[in-house]
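**Student:** What follows is a predicted protein model with its sequence.
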Amino acid sequence: MIRLGLARVHGRSMEPTLRAGDLLVVAHGLRPRRGGLAVVRLPDGTVAVKRATSHGQDGWWVERDNVATGVDSWSVGAIPDHDVVGRVLVRLPRRAVGD
């Protein structure tokens, strides 16, 4: 079952695409699209927004947009399907969330 939720961006790993404080609409349970943004659970338990670049036998390869900071599959490997929380559908305009 797919359900919608909100996620707030923390940190700088997805700059310039996303900035800290951005509010995202997430479809929980919806498979990511290659090249699209996904909310994933990293091996240390952190829930993060990453770019889904490919899918293989071990799960999703996810990357950060800001190579200067953050964690992605280059450091932790592929993210298993069961650790993909959902697909990012849209970033809400900052004026709509009071910024």
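**Tutor:** Perfect, thanks for sending it.
**Student:** Would you mind giving both backbone torsions of Ser13?
**Tutor:** phi -70, psi -20 (degrees, to the nearest 10).
**Student:** Run through the residues that contact it.
**Tutor:** Residues in contact with Ser13 (Cβ atoms under 8 Å, 6 or more residues apart in numbering) are 48, 50, 64-66, 69-72. All C-beta spots, glycine's among them, are computed from the backbone N, C-alpha and C.
**Student:** what about 10 Å?
**Tutor:** Residues counted as contacts of Ser13 (Cβ atoms under 10 Å, 6 or more residues apart in numbering) are 20, 48-50, 63-72.
**Student:** same deal with Leu24?
**Tutor:** Contacts of Leu24 by Cβ under 10 Å, 6+ apart are 5-9, 18, 37, 39, 49, 86, 88-92.
**Student:** do that again at 6 Å, thanks
**Tutor:** The contact partners of Leu24, taken as Cβ atoms under 6 Å, 6 or more residues apart in numbering, are 7, 88, 91.
**Student:** and if you look at Leu37?
**Tutor:** 49, 51, 88.
**Student:** Is it bridged to anything, and to what?
**Tutor:** Counting by DSSP bridges, Leu37 is bridged to Arg51.
**Student:** From Pro80, how far out is it?
**Tutor:** Applying Cβ to Cβ, to the nearest Å, the value for Leu37 to Pro80 is 18 Å.
**Student:** okay if I get the contacts of Leu37 as a markdown table plus pLDDT?
**Tutor:** Formatted as a markdown table, those follow (pLDDT from 0 to 100):
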| residue | pLDDT |
| --- | --- |
| Val49 | 98 |
| Arg51 | 98 |
| Val88 | 98 |
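**Student:** which of those has the most neighbours?
**Tutor:** Val49 (27 neighbours; other Cβ atoms under 10 Å).
**Student:** That one sits in which helix or strand?
**Tutor:** Using DSSP states H and E, Val49 maps to strand 47-56.
**Student:** Who are the packing partners of that strand?
**Tutor:** strand 37-41, strand 59-63 (3 or more Cβ pairs under 6 Å, 6 or more residues apart in numbering; DSSP states H and E).
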